[in-house]
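> quick one, fold the following:
(3 chains)
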Amino acid sequence: MRREFHWFPAAVTGLMLVYSLLPIATFTLFSFNPSPFYAFPLTGFTIGWYEKLMADGRIGDSLLASVGIAAAVMVLATVIGTMFAFFVVRAAVPFKRLLAGLGFLPLVVPVLVLAAGLQVTFVEAGLPLGFGTVILGHVIYATPFVTLMVMAPLYRYNPVLDAAARDLGAGPFTTLRLVTLPILWPGIRSGALLAFLLSFNEWAIAFFTGRGVNSLPMLIYSLQRNGLPPTVLAYAALSTAVVAVAALAVLPLLTRLLRGPK
Amino acid sequence: MTEIAAPKGHALDIDRVSKSYGRFRAVDEVSLTVEPGEIVAILGPSGSGKTTLLGMVGGRIAADAGDIRIAGRSIVGLPPEKIDAATVFQDYALFPHLSVLENVGFGLRVRGMAKAEAKARALEMLEIVGLAALADRAVAQLSGGQRQRVATARALAVHPGVLLLDEPLGALDRQIRGRLQEELARLLRSLHVTALLVTHDQEEAFTMADRIAVMHGGKLEQFGPPGELYRWPATEFVATFLGNGTIVEGRRVGGDDESPVFEVAGAQVTARSRRQPTATARLLLRPEQVAVGPAGSRPAPTWSGCRLAAAVDTGSTSRLTVDVGGVMIEAIGLGSPGLAPGQAVDCTVTSGEPVVL
Amino acid sequence: MNETWRSWLSGAPWLLMIGCFFILPLVGLVLMSFSGEGGFPSLENYRVIFAEGSDRPVVLLRTIGTALTVVLLSIAIAVPAAYYLAKCVASARLQAAVLALVAVTFLVGPLIRTVAWRGILGRSGLVNTVLQAVGAIDEPIMSLLYGRPAVIVAMTYNAFPFMLFTVFLAMKMIDDHYLAAGRDLGAGPATVFWRIVLPLASPGIWTGAILVFVPTISTVLEPEILGGTSGRLAATEIRDQFFHALDWPMGSTLTVVLIVAGGIAILALALATAGLARLSGRVGIAMRAGAAR
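Numbers count the residues shown, from 1 in each chain, chains lettered A, B, ... in the order given. Below you'll find the model as predicted:
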């Protein structure tokens, strides 16, 4: 199919990329600036802020907290989200469409509302606010994304493959284990990665439901409130690098999905 | 190791099986049997219910009524993994994440066989189909014909009581199809495999099968060896689906029960019959039974002074349509027609006799 | 275990989870908004919000207005870009690369993304420094940061990827043959866009608009970090009620009011666009094309 080149959409796309990358480029640039202010002029080049970041004890603790939470969320959201993807794509039960729509409701309800609601519920139920509640909140937040990531390859999955496995003697769960899931693995892996990242960088739910929990975003939040030490910028630059590396892992899958027939 | 032991009794017994989807009867009281080591083809147009029937034998579709027995054991209601049948699917359904060898060994591994032994058996099977060299290849790198053979090897590796094939060669080019049909039939016979194959291609059924079951609209029209079906079709559908020909009306004017004589379009024609005698009948006239020549070229033609309506040169043969007193009769000739439309011709019923339907 | 059991099994964990930890909390919020003296249900909280002299309605309108502005800006940025990527770029690699780039900048989290703007819009930030260096202005522009414009820029920045991804998906699913048919019948590229692509992609644009609108009406970060003393927004109010005033019933009530107001805004918008579309006849194209698919 011959593709047209239209200059206006191309220009907007270029501007969009600049818009996207400008803030990232800016704080990366200033993370190497010796000046203690997040502002011009540029007075030199230093990696001192990175060193300071690593040396700050609070960072280490918060990092551990965030990683721990994100890892738990990744596992839970991936399992539950993948299962729900199967429900959405394959289940033939009454009210399936209604329930499937319901399952994506968390995407359209503001995080603030979710966080406030969770806070209220947990306290009413007598549950202590802390790691558990943050993980729970994050799982609610992230699972629909995992489901979406797994649904795409699942829709395109050839059901005859499962029929062939059953035909050769594999029961339903064996088929899942030996055929379906291995083939879907790239999508599941991307969903898991997404869940991890979403949880790691999430602030609102952690703030509302995590008493005594000081996740990394929460720490950064308080740091930037009280003057903005460039260690925050160093953190931001490192975060971006981590996410970029993770995105590289997902890029082949994304390309294949975009290229493939609908 | 390459022979698969034949069980006693019917290998496969389909007993008055029916399946409906709402008010649509996909399969209507179909019964047929397959003997051990036999290849039976279910032949029919799309929508005839043949694929549904195959699905029921494989356990993928639940039968509404009737029984299906493999080696005497009823399999109705059993899930596919518990049924002693293996299927070669139309699109082969090779597992993309496994190598060729792993694909072929899949059924064995699932049954608990040790990895090393499964590998060895799978390799044996690949050698039988001639693809041992491709054992470690990825599925995506194979050609259509190679995939078909891997799919067959995979199904045979588990030594199924019945091998089910769903349009096994439908996806391949016409050129290689004929050769592969013969090869596949040869392979199955050498292994004494009992096979049930589904196809819409008459040539495929004739090449490969010992007996053919013709299905139409969910019903079984006729079941028997290919020659039988061709020479003695039980219904008009079987007559026209399995080959070309014209169906003509005739009025009985004499002869005996087995060789009645009919008046067809003004001429007397001797037919053959296995039916009760009737005053009028419909007769099947195969194109190869009619010889067409220029007017006056033959002594004692059946119909003379006919007009040649059309002549199509298809290379090795020509398709001729002759207007015999208002009835269009199809004939076939060797080589190019040598006759022009509009020409006056004579028709003679030569080899064989038309059969009473 | 038969087929139906297994179907329910796959959906059960998530459905149970949102039943307990999503639906229930929301219901709890709504119930709490009706709490009054002595535990009896009352509309006291609602009365306080809409009472004379209360600035809450203004805050509400301001919040919704800001969110709508963000939606419009997101459409202006994301729709042409999505069109370009989905229909004008042939290489799947390039499409994936651009989308991944936007995704990466998005996944670092709204906190980092918002804080980043302080260095761009500040007195000695990027914009001011560049403009002064080029000689366009003599004095740095003070009002770039800590004001409404900054908040809107950051909100748009944080939300437009949702629009981009949903509209991209919608446009990608439009069969290229429709466009080819349009060109074949004599339509220029612009006409093809306005009369074929846009109507067919409009459900995607709607989804994107909702995915942008909903987080934007409830976000706390941008107003707080970049808003300065400019008008208060609803989310900040709600946060204060829960954390500082510790008046949870009031916080719940404000949340409910916000959601309802948002819902009304979306509904009004839907009716308006439906009316416009019917007038211009484009709905006809979209519906016929949809039916043909």
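> residue A:142 against residue A:193, yeah?
No. The criterion here is CB atoms under 8 Å, and residue A:142 misses it with residue A:193 at 11.0 Å. (C-beta placed from N, C-alpha, C; glycine too.)
> residue A:165: which element?
helix A:159-167 (DSSP states H and E).
> what's the host helix or strand of residue A:175 in contact with?
Per DSSP H and E: residue A:175 is located in helix A:172-175. Contact partners of helix A:172-175, identified using CB atoms under 8 Å, 6 or more residues apart in numbering or on different chains, comprise A:162, A:165, A:166, B:79, B:81, B:110, C:1, C:6.
> does chain B sit close to the helix or strand that it is followed by?
Using DSSP H and E, the helix or strand that follows helix A:172-175 towards the C-terminus is helix A:181-200. Yes. Helix A:181-200 is in contact with chain B by CB under 8 Å from any CB of the partner chain, via A:182, A:183.
> can you state the direction angle for helix A:181-200 and helix A:159-167?
120 degrees (axes from the mean of the first three to the mean of the last three CA atoms, to 10 degrees).
> which strands and helices sit next to the helix or strand following helix A:181-200?
Proceeding N to C from helix A:181-200, the next assigned helix or strand is helix A:204-209, under DSSP H and E. Under the contact definition 3 or more CB pairs under 8 Å, 6 or more residues apart in numbering or on different chains; DSSP states H and E, helix A:204-209 sits against helix A:111-125, helix A:131-155, helix A:216-225.
> pretty sure residue A:221 sits against residue A:203.
Yes. The criterion here is CB under 8 Å, and residue A:221 meets it with residue A:203 at 6.1 Å.
> identify the contacts common to these two.
In contact with both residue A:221 and residue A:203: residue C:111, using CB under 8 Å, 6+ apart.
> neighbour count winner among those two?
Ranked by neighbour count (other CB atoms under 10 Å in any protein chain shown), residue A:221 and residue A:203 place residue A:203 first, with 22 against 19.
> so what's the residue lying closest to that one once chain neighbours are set aside up against?
In this structure, residue A:203 finds its nearest non-sequential neighbour in residue A:217, 3.9 Å apart by CB to CB, 6 or more residues apart in numbering or on different chains. By CB under 8 Å, 6+ apart, the residues touching residue A:217 are A:66, A:201, A:202, A:203, A:206, C:109, C:111.
> low-confidence stretches in chain A?
Within chain A, the ranges that satisfy pLDDT under 70 run A:1-5, A:129, A:211-212, A:260-262.
> still on that earlier bit, how far away from the center of its chain is the helix holding residue A:175?
30 Å (CA atoms, centre = their mean, to the nearest Å).
> quick check: residues of the stretch 51-200 of chain A near chain B?
A:158, A:160-161, A:163-172, A:174, A:178-179, A:182-183.
> among those, the buried ones, what's the PyMOL command?
Listed next is the PyMOL selection for buried residues among these, using 16 or more other CB atoms under 10 Å in any protein chain shown:
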select buried, chain A and resi 160+161+163+164+165+166+167+168+169+170+171+172+178+179+183
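> so residue C:79 sits against residue C:205, correct?
Yes. Using CB under 8 Å, residue C:79 is in contact with residue C:205, at 6.6 Å.
> what touches both of the two?
C:163, C:167, C:198.
> out of those, which is nearest to residue B:204?
residue C:167 (49.2 Å; CB to CB).
> what about that closest one, which helix or strand?
Per DSSP H and E: helix C:148-172 holds residue C:167.
> buried residues, that helix. List them.
Here helix C:148-172 shows C:148, C:150-172 as buried, counting by 16+ other CB under 10 Å.
> that helix versus helix A:131-155: what angle between them?
Going by the same axes, to 10 degrees, helix C:148-172 makes 30 degrees with helix A:131-155.
> what's near enough to touch residue B:168?
Residue B:168 touches B:88, B:90, B:148, B:152, B:184, B:197, B:199, counting by CB under 8 Å, 6+ apart.
> rerun at 7 Å
B:88, B:148, B:184, B:197 (CB atoms under 7 Å, 6 or more residues apart in numbering or on different chains).
> point to the residue nearest the middle of the chain.
Looking at chain A here, since you left the chain open. Of all residues in chain A, the one closest to the mean position by CA atoms, centre = their mean is residue A:198, 2.7 Å from it.
> sorry, should have said chain C
residue C:212 (1.2 Å).
> touching, that residue and residue C:71? I think so.
Yes. Judged on CB atoms under 7 Å, residue C:212 makes contact with residue C:71 at a distance of 5.2 Å.
> which SSE is the closest residue to residue B:52 other than its chain neighbours in?
Of all residues not flanking residue B:52 in the chain, residue B:26 sits nearest, at 4.5 Å (CB to CB, 6+ apart). Using DSSP H and E, residue B:26 sits within strand B:24-34.
> just checking: what are the partner strands of that strand?
As defined by DSSP bridges, the strand partners of strand B:24-34 come to strand B:12-21 (antiparallel).
> how about the strand it pairs with: buried residues?
B:12, B:13, B:14, B:15, B:17, B:18, B:19.
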